[in-house]
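Novice: fold the following and give me the result.
(3 chains)
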Amino acid sequence: MAPSAHQMMLDQARWRWSESLFWLSSLAVLFVFPSKALLFSQIAIMGLFALSLDLILGYGGIVSLGHAAFFGVGAYAAGLMAKHGLGDPLLGLSVAAFAAAVIGWLTSFLLLRGSDLTRLMVTLGIALMMFELANRMASITGGADGLQGMMVGPVLGLFSFDLFGKTAYLYALSVLFLLFLLARKIVHSTFGLSLRAVKGNALRAGAIGISVSGRLVAIYTLSAAFAGIAGALSAQTTQLVSLDVLDFHRSADVMLVLVIGGVGWLYGGIIGAIMFTLMQDWLAGITPQYWEFWIGLVLVCLVLVGHDRIKTGVQSMVARLGGKGGAA
Amino acid sequence: MLTILFDGIAYGMLLFVLACGLSVTMGLMNFINLSHGVFSMAGGYITAFLINRLGVPFLLCLPMAFLFSAALGMVLERTLYRRLYARSHLDQVLFTIGIVFMAVAAVDYVIGSQQQTVKLPEMLKGRIDIFGGSIGLYRVFIIALCGLLAVTIQMLLVKTRFGSQLRAAVDDPRVARGMGINVNTVFAITFAVGSGLAGLGGALGTDILGMDPTFPIKFMIYFLIVVTVGGTSGITGAFFASLILGIADVGGKYYVPQIGAFIIYALMVVVLIIRPQGLFSRSKGK
Amino acid sequence: MSIALATHDLVKNFGGLRATDHVSLAIHTGARHALIGPNGAGKTTLINLLTGVLTPSQGSITLEGENITRLSQHARVQRGLVRTFQINQLFADISPLQSLCLAVSERNHQGRDWWRVAGSDKAHVDEAEEILARFGLRDVMMQQTRFLPYGKQRLLEIALAIACKPRVLLLDEPAAGVPEEERHEIIDILAALPKDVTVVLIEHDMDLVFSFADRISVMVNGALLTEGGADEIARDPQVRAVYLGESGHE
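Specialist: Next up is the predicted model:
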């Protein structure tokens, strides 16, 4: 018997077994390669950062060259908390999320009018302003030398950060997973569907009663909060915060990461992070200084070849292996 | 204070020459090009090479920098950029960022990361006093040369046939094609000239702004500010936007050094809130 | 009889061009009203003003007595003023079922529900499916909209508006681009629209206009030339002159 329309709608959001496989593997990896724990936590954090960008780029259609602004705000927020005696990691995450969300909310109104180019400029400008601010307020932020004296407490009061990065990875992975679940819920909800409508045809979205500005402000604020949490995780797991959390390169890198993995299907950011970090690790061993050249080359080739390849490749593979192919 | 003003004007004029090509090509093809600074870098480095290695006099280097960058622009446009016109803005952004990264790393690798220096001719060194403010002769030269260029470009746009074809193509490419204007050729020439101007600006700016492999990234934001604040309807917008930007940046860094560059970015954001299509744009913005 | 939609002295200037020239209209509830005029007469501009895509330079607009001149697009839709577009404006990447479910959810103020999966509310999905069936789109309802043939897309264009349960429906050339053989589908749909919905139709197809409309307004150069019952307008010599193309009228 053919499934009902109701059933077909619900099917889109069904959890597929390949997803369980993915997450269990990411946990298992720690026990198979325990020496690489720090690398893995880097990947998880980058994955979360890319996930946050996907929310606005893949689902909101906003091209941003300054997403590092929120990553940096989160990193400094958590770093400052840890420096001044409030070192509980989850508290740091909350404060970071809040701070980044406030900045995101305030700046979202600047993105509602104007073209793609305008948005690009505004997001870039905001990030550059944040960078300048952090630079000038060196007495608080430590400026170019970075924040000194961070004391990060144990997670949930129980798990201290160890030198090998095991706690760091489990912590980062858990946060990533929980936030991923939240993003997944949102993306498959009516709100998420309305975002896709706004991205696809904002004019018609307005014409069926959707408040386009409202949706964009909401998703931008949420995305900023996610990015802020990623920054906080970075600060807490490495116990380091310096100006490069706000650097243009960081905004460009996360864009590349997301594009490699595929925009608009949530897993793209995480898969991109895996590929990017492994590639970076490998190349750093060969040519540490001119890493930038290879990144540039990858970007150029990716665009010329068509960056949807990986995403459609994985999606068709999943469909063939047994999950019913619905749009993710 | 006049000294600051003169410095700002010189800086602004230099920015204009650097960015006006970008303004026109972005308006014409709706092509977001973040790699414009690469052509400036080419102009600056070729000038340094010609002066330091081959002893070519400075003034002669300027047209050579223009030609070199224009040729580079023409080649890249034909082979690479042309494929990106129909692609999404995201693709254009990613592609041109990629080009910048490659160029920056390549120059760093081949030539090294040190600042390039150019030996200015004796007659351009020294300062003069005007109206109580003093200004370097080199800056006077820049103002004069760039002003002359601005007027020439405007005359070319307004008085020549190519100019009117270009303006028609910027206004509405589809209609222009329908009228028999070969928009692709117009664009190729415009892109080459714009890149040439960027190269010339790079050559002129090596002494004042500094020239090293990070130039395209450092100044990318300035070019883009000129384009977004000035609008893409023609070069008058870019001209005034560059002047405002130049004066605001120099003035800001002098009078309120604590916030320095912050002023420029804030200015840009404010302008974009009030008039998203740019201060001097005629159209509603793309 | 109450007035569903009215404009008072509406003006819209684009720089030096007056696209809408002191237009005052009053459309009764349940009317079948057509808006005709040569190309460039300002009909679509008027629709854009009515729906909030453009803001008027002067004048006001009332919907069922309420002044909506300052209201946003989506707020007007929430109050029952819905339009279709002359060139299809659809959501290419999602399916007709998803598009209609979205419209239905929005109408029920559940567009911001971020917790439940889209389509959880069976009543909404059923309603969407029922509308799609009425428009003959049920067999393609799960395909991505971009793959639908043009005729079906045109039907979807109208179905999407119907899903918003409009009280006043503005149709901008619903038959545009639809081949002769398929026009009857559009005509049938129009005839089947509920009697209490006020319908304003812009069309160039005169057969469609005269078979559908009770009252007709004629616009030329941004202003209302004349207005009356379908028969009156058909016989009006001024209207014929405008349509038989005097050069100089753009």
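Novice: how would you label the residue nearest to A:Leu128 when sequence neighbours are not counted: helix, strand or coil?
Specialist: In space, and not counting its chain neighbours, A:Leu128 is closest to B:Tyr265: 5.1 Å by Cβ to Cβ, 6 or more residues apart in numbering or on different chains. Where you see a C-beta, it was placed from the backbone N, CA and C, and this is true even at glycine. In three-state terms, and counting by DSSP: H, G, I helix; E, B strand; the rest coil, B:Tyr265 is helix.
Novice: how many residues are close by B:Tyr265?
Specialist: Applying other Cβ atoms under 10 Å in any protein chain shown, we find 23 residues neighbouring B:Tyr265.
Novice: who's in contact with it?
Specialist: Residues in contact with B:Tyr265 (Cβ atoms under 8 Å, 6 or more residues apart in numbering or on different chains) are A:Gly125, A:Ile126, A:Leu128, A:Met129, A:Glu132, B:Ile221.
Novice: if I look at the third one, how far off is chain C?
Specialist: A:Leu128 sits 32 Å away from chain C when distances are taken as Cβ to the nearest Cβ, to the nearest Å.
Novice: where's that residue, which helix or strand?
Specialist: In the assignment (DSSP states H and E), A:Leu128 maps to helix A:116-136.
Novice: neighbours around B:Ile247, how many?
Specialist: B:Ile247 has 19 nearby residues by other Cβ under 10 Å.
Novice: skipping adjacent residues, who's closest to it in space?
Specialist: Excluding its sequence neighbours, the residue lying closest to B:Ile247 (Cβ to Cβ, 6+ apart) is B:Gly8, at 3.4 Å.
Novice: so that neighbour touches B:Ala248, yeah?
Specialist: Yes: B:Gly8 lies in contact with B:Ala248 (Cβ atoms under 8 Å); the separation is 7.5 Å.
Novice: of the two, who's got more company?
Specialist: B:Gly8 (22 against 18).
Novice: need the three-state assignment for the more buried one.
Specialist: Assigned with three-state DSSP, B:Gly8 falls in the helix class.
Novice: so who does it touch?
Specialist: Counted by Cβ under 8 Å, 6+ apart, B:Gly8 has contacts B:Leu243, B:Gly246, B:Ile247, B:Ala248, B:Asp249, B:Val250, B:Gly251.
Novice: so the fifth one sits against B:Ala261, correct?
Specialist: Yes: checked against Cβ under 8 Å, the pair B:Asp249 and B:Ala261 is within contact range at 7.2 Å.
Novice: how far away is B:Thr117 from B:Cys61?
Specialist: Distance check for B:Thr117 against B:Cys61: by Cβ to Cβ, to the nearest Å, it reads 13 Å.
Novice: other residues contacting the lowest-mean-pLDDT helix or strand in chain C?
Specialist: Of all helical and strand segments in chain C, the minimum by mean pLDDT, DSSP states H and E falls on helix C:237-243, at a mean of 80. Here helix C:237-243 makes contact (Cβ under 8 Å, 6+ apart) with C:Gly37, C:Pro38, C:Val218, C:Val220, C:Leu225, C:Thr226, C:Ile233, C:His249.
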